[in-house]
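**Student:** build me a model:
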Amino acid sequence: MKKLEIIIKPEKLEDLKALLDSEEVNGLNIVNSMGYGNQKGIIKNYRGAEYAVNLLPKIKVETVVTDEVAPKLIDKIVEQINTGHIGDGKIFMYEVEDAIRIRTGEHGVDAL
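**Tutor:** Below you'll find the model as predicted:
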């Protein structure tokens, strides 16, 4: 199993949720966060004054999928969420050793 952490701009959340719902994704967790990447934030002008905004709003979506689904899902996310602008986000993929459904005690893919 693979855990995907998908960090995106807030305005892309509905697109990502629709994509995940259309694929073999059984559940997800969404976290509001603030952060920056290589650009280290942005410079804004307000009433003639320039100031740096170095923590930008982000959304982190976490999900666990089977090994077979992960590569196809990542390709679709990159294809559909990409705007071509700085700050589109990142996907981190981790190996998941096991998953346990607390209610039933099921393990592995059955717990998803």
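
**Student:** so where's the protein shaky on pLDDT?
**Tutor:** 41-42, 51 (pLDDT under 70).

**Student:** how far is the longest strand along it from where the chain is centred?
**Tutor:** Assignment by DSSP state E gives strand 56-65 as the longest strand of the chain. In terms of CA atoms, centre = their mean, to the nearest Å, the centre of strand 56-65 is set 3 Å apart from its chain centre.

**Student:** tell me which other helices or strands that strand touches.
**Tutor:** strand 2-8, helix 13-22, strand 29-35 (3 or more CB pairs under 8 Å, 6 or more residues apart in numbering; DSSP states H and E). C-betas here are computed from N, CA, C, even on glycine.

**Student:** could I get those as a markdown table with mean neighbour count and distance to Lys44?
**Tutor:** Listed next are the helices and strands packed on strand 56-65 as a markdown table, based on neighbours: other CB atoms under 10 Å; distance: least, CB to CB, whole Å:
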| stretch | mean neighbour count | distance to Lys44 |
| --- | --- | --- |
| strand 2-8 | 19 | 21 |
| helix 13-22 | 14 | 23 |
| strand 29-35 | 11 | 15 |
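
**Student:** please identify which of those is closest to Val96.
**Tutor:** Of all the helices and strands packed on strand 56-65, it is strand 2-8 that lies closest to Val96, at 5.0 Å by CB to CB.

**Student:** list the buried residues in stretch 73-83.
**Tutor:** For stretch 73-83, a neighbour-count test (16 or more other CB atoms under 10 Å) marks 73-74, 77, 81 as buried.

**Student:** make that stretch 100-112, sorry
**Tutor:** Within stretch 100-112, the residues scored as buried using 16+ other CB under 10 Å are 111-112.

**Student:** ok, and what's touching that stretch?
**Tutor:** Contacting residues not belonging to stretch 100-112 are listed as 1, 26-27, 64-66, 98-99 [CB atoms under 8 Å, 6 or more residues apart in numbering].
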